[in-house]
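# model the structure of this input:
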Amino acid sequence: MAYDFKYKPAGETLRQFMLDDHFFRGVRGPVGSGKSVACCVEIFRRAAMQKPGKDGKRKSRWAVVRNTNPQLKTTTIKTWIDWFPEDVFGRFGWSVPYNHNISIGDVELEVLFLALDREEDVRKLLSLDLTGVWVNEAREVSKSIIDACTMRVGRFPSIKDGGPSWYGVICDTNAPEDDHWWPIMAGEAPMPDNVPREEALMLVKPEDWVFYNQPPGMLEIKNDSGEVEKYISNQMAENFNNLPADYYKKIITGKTKSWIDVYVLNKLGTIESGKAIYPMFSEQVHIAKEKLHPIPNLPVYIGIDFGLTPAAAFGQRLPSGRWQIFHEIVTRDMGAVRFSELLRNQIQVICPDNELHIYGDPAGDFRAQTDEVTPFQILRANGIKAYPAPSNDPVLRIESVQAPLNRMVDGFPGFQIDSSCATLIKGFRGGYNYRRVSVSGEVRYEEKPTKNKYSHVHDALQYLFIGAGEGRSLTTNANKPAQVANGRSNWNIWDQRSGFGKNKGWSNLNRRNSTGW
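Okay, here's the model as predicted:
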């Protein structure tokens, strides 16, 4: 059967990507830019370039990896079959692991399709001898999987049979978040401060790795204030001639800016499907245009969330009543002792001479069954006097943040955050959310915020605000003082706000105290 196989890279970026012989190649671009098709064709092209073995056959074996089985079947395999139909290239094996054994001319190509949500597929990947691996939508795949893929390539055909002419890993993806391994290794995002040294070494780009970026599908048109007014088609977009003329114009209709940034503009960012907890947050209004610094002689408030992913938020209430949040600490897999040391060091660097008011999760004042020491005691052992926040009620905590977000003071926003507080900002954009509940016929969301990588630092921010008094109107009235929600009913946090002296019950960090710093 005659089959007219014609493919031309749909843009200069894709052409350079396919011509490149680096061991690892990644291409990032907007939806509809032809990335997946290029990777499909690249597998067959490299198979056709393999030098023949003793039997005259050009043999190679590839694995195609996707994050989940539904995505693998409905997206990745569908694209593959569109270009390599069964009636021409042979029957596709639809039993797990999915496979396509192609024998056409002198080319013998075996392609295995694996989903990472299947344990048997992961085990299969770790045991294969391969020529190459294609990781489809790499933003959904961890660096550890990529590392596993690099160990399995270059092993087929064996050296005794001539070895592979080329071997390696190819990846494609839409734009990931800026703390993902891809932009860090590509040099597009800085190494996060909270990444352990061993993990940081794994995110240094080897010489034989290369990353390509495709042009955006559309361009932003901004006004004099820097606000986006509209989007126009980008004539430099790749695969443009293979899409309807109004493709991008139609798909951005009704989409959020963050969605457009990631899927159309090819910008690093976050897309969350839940309901944003702070819909009143506006990047144009609440993210400071200039760098925020702690103001001397003005108290600094710090909120802390404990647990295995402790976090902290730093802010100040200006004399006008406006708030500025100028620093965050975000960690992973860190105990209370290490975190207290990190917090102490950050305070010394950022605001060593300011008076400190530090509030944490009230649950941190209780001993664990396996440890007689509480997080608050560990903080105090490091010279940091912190107190339990007056409430752990999620509704009160959230509203203590909403209050300044909704406030205007003399024509200025009552809340501004420094652009360096990346995790807090991503949470405000929708990463900190209520998870959607699958209910037939209606849209519903869980009542409590989703626990994820944004929730810890947002919990810390809430403890900062409610400890500073933003929740006072919600927990007190004119005749009744607030009751602390940690069993110490005689301790009225609001009474402690009557003055700013260093001995009025505030948490302080005295550089001349017994800890010696």
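# and the residue nearest in space to the middle of the chain, what helix or strand is that in?
What sits nearest the mean C-alpha location of the chain, by Cα atoms, centre = their mean, is residue 177, with 4.3 Å. Counting by DSSP states H and E, no helix or strand carries residue 177.
# which residues does the nearest residue to residue 288 once chain neighbours are set aside contact?
Closest residue to residue 288 apart from its sequence neighbours, by Cβ to Cβ, 6 or more residues apart in numbering: residue 416 at 4.6 Å. Yep, even glycine has a C-beta here, placed from its N, CA and C like the rest. Residues in contact with residue 416 (Cβ atoms under 8 Å, 6 or more residues apart in numbering) are 286-288, 292, 322-325.
# where's residue 402 relative to residue 427, distance?
From residue 402 across to residue 427, the span is 14 Å (Cβ to Cβ, to the nearest Å).
# neighbour-wise, which of those two wins?
A side-by-side neighbour count of residue 402 and residue 427, using other Cβ atoms under 10 Å, places residue 427 first with 28 against 18.
# name the SS class of that one, please.
Under DSSP: H, G, I helix; E, B strand; the rest coil, residue 427 falls in the helix class.
# ditto for residue 33
Judged by three-state DSSP, the three-state class of residue 33 is coil.
# wait, it sits on residue 239?
Yes - contact criterion Cβ atoms under 8 Å: residue 33 and residue 239 qualify, at 5.0 Å.
# what about residue 45, distance to residue 39?
Taking Cβ to Cβ, one finds residue 45 at 10 Å from residue 39.
# which stretches of the stretch 51-200 of the chain have low pLDDT?
193-194 (pLDDT under 70).
# how about a cut-off of 80?
Flagging of the stretch 51-200 of the chain using pLDDT under 80 yields the residue ranges 192-196.
# the strands in it, which residues?
58-66, 92-93, 98-104, 107-115, 132-136, 168-173 (DSSP state E, counting those that start in this stretch).
# which ones are touching the residue lying closest to residue 60 once chain neighbours are set aside?
When the adjacent residues along the chain are set aside, residue 60 lies closest to residue 131, with 4.1 Å between them (Cβ to Cβ, 6+ apart). Residue 131 is in contact with 46-47, 50, 60-62, 153-157, 164, 167, counting by Cβ under 8 Å, 6+ apart.
# and the gap between residue 131 and residue 379?
Distance from residue 131 to residue 379, by Cβ to Cβ: 54 Å.
# same question, residue 255
The spacing between residue 255 and residue 379, counted by Cβ to Cβ, is 44 Å.
# which of these two has more residues huddled nearby?
More crowded of residue 255 and residue 379, by other Cβ under 10 Å: residue 379, with 25 against 14.
# got the phi and psi for the more buried one?
Dihedral angles of residue 379 (phi, psi; degrees, to the nearest 10) stand at phi -60, psi -50.
# and for residue 6?
The phi/psi pair for residue 6 (degrees, to the nearest 10) is phi -130, psi 130.
# how deep is it tucked in, by neighbour count?
Neighbourhood size, residue 6 [other Cβ under 10 Å]: 4.
# hang on, residue 342 in a helix?
Yes - the assignment for residue 342 (three-state DSSP) places it in a helix.
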